[in-house]
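1. Whatever this is, show me its structure:
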Amino acid sequence: MILARDEGLVCAFCPELDLVTEMATPNEALEDMLEAMQDYAEEYLEELEIYQNCPKRDHHLPYIEAIAACKDAWDIRMLIEIKHGRIQV
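-> This is a model prediction of the structure:
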């Protein structure tokens, strides 16, 4: 995950899942991304056949399975590596 400033806000970008959030502070951006990852994992698994047959989303399954195995946001946080830098989306 990459955390970067963007016009006074902080963007959190997860390139593995192609997810982006934008909040006022780094902590808010991180928390929002953790929630987005959890929500996406739940949706992916509910619609597994659709996502697995989508060329832009089929490679997400190993990440989704790892997220789904987590008990809470702390476990998801332990899965990710946070880098600070610039993003181009």
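
2. which residues does residue 11 bridge with?
-> With DSSP bridges as the criterion, residue 11 is bridged to residue 4, residue 22.

3. For residue 48, see how far away it is.
-> 29 Å (Cβ to Cβ, to the nearest Å). Every residue, glycine included, has its C-beta placed from N, CA and C.

4. higher neighbour count, the two?
-> Ranked by neighbour count (other Cβ atoms under 10 Å), residue 11 and residue 48 place residue 11 first, with 20 against 12.

5. What pLDDT is listed against the nearest residue to residue 5 once chain neighbours are set aside?
-> With sequence-adjacent residues excluded and distances taken as Cβ to Cβ, 6 or more residues apart in numbering, residue 5 is closest to residue 11, at 7.7 Å. As predicted, residue 11 sits at a pLDDT of 93.

6. Report the contact partners of residue 11.
-> Residues in contact with residue 11 (Cβ atoms under 8 Å, 6 or more residues apart in numbering) are 2, 3, 4, 5, 20, 21, 22, 29, 87, 89.

7. Give me the buried subset of those residues.
-> Taking 16 or more other Cβ atoms under 10 Å as the criterion, what is buried in the contacts of residue 11 is 2, 3, 4, 20, 21, 22, 29.

8. Now flag whichever of these is closest to residue 83.
-> Checking those against residue 83 with Cβ to Cβ, the nearest one is residue 2 at 5.1 Å.

9. May I have the phi/psi pair for the closest one?
-> Dihedral angles phi and psi of residue 2 (degrees, to the nearest 10) take the values phi -120, psi 130.

10. Excluding sequence neighbours, find me the nearest residue to it.
-> residue 13 (4.7 Å).

11. Mind jotting down where the helices sit in the protein?
-> For the chain, the helices defined by DSSP state H occupy 26-46, 48-52, 61-68, 73-79.

12. out of those helices, deepest packed?
-> Mean neighbour count (mean count of other Cβ atoms under 10 Å) peaks for helix 26-46 among these, with a mean of 17.
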